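*Asks:* I would like to see how this sequence folds:
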Amino acid sequence: MDDPERVEQLIVHAQALRTTDLFVQVYRGGRAWYDAKLADATPYREIVAKTGVDTLGQLITRAHAVGIRVHAWVNVLSLSRNPKALLLSELGPDVVQRDRKGRSLLSYPDFEVPAPDAPWYRMGTPGLYLDPAAPGLAERLVATFAELVRRYPRLDGLHLDYIRHPDVLPMVPGSRFGVGLDFGYGEPSRLRFQRETGLPAPRPGHIVNANRWDEWRRQKVTELVAAIRAGVDGVRPGLYLSAAVFSDADRAYLTLSQDWRRWLEEGIVDFAIPMAYTIDDRRLRYLLEAYAGDPQRDRIWAGLGVWLFARTPERALAQLALVADKAVAGEVLFSYDAIVESPALLAALEARSE
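*Replies:* Next up, the predicted model:
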């Protein structure tokens, strides 16, 4: 998105790979690579000042000319490593996630778990994450993405990424065991939980009301997805809404407050892309078998981490064969940059598509 001159090359490669859909990241770290008023559009303005081109608009035009759909990919609850995000200056630091000890991610050194927990835990993807239960946040995000859809009426879809709680290693199965490191413990969120349920939020090291707390935190993520759906439908009925989700639905449910199977069952999203990024083909097969056996399998597109096989493209082809064998709805390759930076991988994928 930083270089409009790459658009034509992208279209050529997409056609060679028989691509049907492009997922183009336009909102990351609270910053917009599109014409926006409700997000920090500094990247967009810099590109336009330099080239005179609205890259997203140009890409939509070129993709549609060859029958390819374009989805705007947005990182919903991640601010990446941007503590100066416009959203924070407007809503305040309480919208940033706090862990079960009450520590804000804003205080994490270099966005990693602080002492004394540092030897035992690690952030899966370090950065700043927003608390979907924080007052005012959902409304702000809904307005931001509705503006995007309104300004680009030819978009085919909106793709939600980082629509979850932060991931921590090792994995923590919710709060009910009273151990580990999880998130959502900001004081405004705790007070909201008590107001909505009549129960106090669990205290550190205690498990009273833990199951209800975990259910409530999941519900707040689901409510945000549903609110984005309603906001998008109010602007562009029929626009595809999709989500990048953790590959293991059980882990997503317990650890990340991401109940993506429910989103499919209730029609909140049109399709989900589980990020089945692994070098372990047996694990991939297990995941694909679970997707293929799901009642919503016709709306599950398997996401493959082909960047893992830049030096061994035959491995990428083997995984694609597994996807074809399990007959899920589609395959999504992550990422384009990795493909074009590896001539051997690009050649192998193009040969497969002939």
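
*Asks:* pLDDT value on T51, please?
*Replies:* The score at T51 is 97. That number is its pLDDT.

*Asks:* let me fix that, I meant to ask about V208.
*Replies:* Note on V208: pLDDT of 89.

*Asks:* for it, what are phi and psi?
*Replies:* Note on V208: its backbone torsions stand at phi -60, psi 130 [degrees, to the nearest 10].

*Asks:* begin at 34 from now on, thanks
*Replies:* Okay, using 34 as the starting number, the last item reads as V241.

*Asks:* which residues touch it?
*Replies:* Taking C-beta atoms under 8 Å, 6 or more residues apart in numbering as the contact definition, V241 lies against 233, 235. All C-beta spots, glycine's among them, are computed from the backbone N, C-alpha and C.

*Asks:* ok, V175 next?
*Replies:* By C-beta under 8 Å, 6+ apart, V175 lies in contact with 260-261, 263-264.

*Asks:* ok, now R330?
*Replies:* Counting by C-beta under 8 Å, 6+ apart, R330 has contacts 324, 361-362.

*Asks:* which of the residues you listed count as buried?
*Replies:* Those of the contacts of R330 that meet the buried threshold are 324, 361-362, by 16 or more other C-beta atoms under 10 Å.

*Asks:* which helix runs longest in the protein?
*Replies:* helix 243-268 (DSSP state H).

*Asks:* next, the buried residues of it.
*Replies:* By neighbour count on 16+ other C-beta under 10 Å, the buried set for helix 243-268 is 243, 245-247, 249-255, 257-262, 264-265.

*Asks:* check stretch 323-343 too.
*Replies:* Buried positions in stretch 323-343, judged by neighbour count with 16+ other C-beta under 10 Å: 323-325, 327, 329-330, 332-343.

*Asks:* can you name the residues bridging to the closest residue to A357 other than its chain neighbours?
*Replies:* Spatially, and ignoring its direct neighbours in sequence, A357 is nearest to E364 (7.9 Å; C-beta to C-beta, 6 or more residues apart in numbering). With DSSP bridges as the criterion, E364 is bridged to A335.

*Asks:* how many residues are close by E364?
*Replies:* E364 is flanked by 17 other residues according to other C-beta atoms under 10 Å.

*Asks:* hang on, the earlier thing: packing partners for the longest helix of the chain?
*Replies:* helix 170-184, strand 190-194, helix 220-230, strand 273-279, helix 293-298 (3 or more C-beta pairs under 8 Å, 6 or more residues apart in numbering; DSSP states H and E).

*Asks:* winner for burial among these?
*Replies:* Highest mean neighbour count among those (mean count of other C-beta atoms under 10 Å): strand 190-194, with a mean of 25.

*Asks:* and the contacts of the next helix or strand after it?
*Replies:* Using DSSP states H and E, the next helix or strand after strand 190-194 towards the C-terminus is strand 201-202. Residues outside strand 201-202 that contact it (C-beta under 8 Å, 6+ apart) are 146, 154-157, 213-215, 288.

*Asks:* mind running it again at 7 Å?
*Replies:* 154-157, 214 (C-beta atoms under 7 Å, 6 or more residues apart in numbering).

*Asks:* can you redo these as CSV with secondary structure, pLDDT and neighbour count?
*Replies:* Formatted as CSV, the contacts of strand 201-202 follow (DSSP: H, G, I helix; E, B strand; the rest coil; pLDDT from 0 to 100; neighbours: other C-beta atoms under 10 Å):
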residue, secondary structure, pLDDT, neighbour count
Y154, coil, 97, 17
R155, strand, 97, 15
M156, strand, 97, 18
G157, coil, 96, 13
L214, coil, 94, 19
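
*Asks:* if we can go back for a sec, would you confirm that the residue nearest to A357 contacts A354?
*Replies:* No - using C-beta atoms under 7 Å, E364 is not in contact with A354; the gap is 10.6 Å.

*Asks:* can you give me the neighbour number for the nearest residue to G63 once chain neighbours are set aside?
*Replies:* Spatially, and ignoring its direct neighbours in sequence, G63 is nearest to A118 (3.4 Å; C-beta to C-beta, 6+ apart). Residues within reach of A118, counting by other C-beta under 10 Å, total 21.

*Asks:* swap in the one 5 residues further on?
*Replies:* Burial of E123 is recorded as 11 neighbouring residues (other C-beta under 10 Å).

*Asks:* for it, helix, strand, or coil?
*Replies:* Put simply, E123 is helix when judged by DSSP: H, G, I helix; E, B strand; the rest coil.

*Asks:* for it, which non-adjacent residue is closest in space?
*Replies:* Excluding the flanking residues, the one nearest E123 by C-beta to C-beta, 6+ apart is R173, at 7.3 Å.

*Asks:* now do D358
*Replies:* L321 (7.9 Å).

*Asks:* give the contact list for that neighbour.
*Replies:* Taking C-beta under 7 Å, 6+ apart, one finds 335, 355-356, 359, 361 in contact with L321.

*Asks:* redo the residues you listed as TSV? Include secondary structure.
*Replies:* Listed next are those as TSV, based on three-state DSSP:
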residue	secondary structure
A335	strand
L355	helix
V356	helix
K359	helix
V361	coil
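
*Asks:* max pairwise distance over those residues: which two?
*Replies:* The distance between the two most remote of those (C-beta to C-beta) is 10.1 Å, for L355 and V361.

*Asks:* distance of the closest residue to W334 other than its chain neighbours from P270?
*Replies:* Distances taken as C-beta to C-beta, 6+ apart put G363 closest to W334, at 3.9 Å, once the chain neighbours are dropped. Remark: distance between G363 and P270 (C-beta to C-beta, to the nearest Å) = 23 Å.
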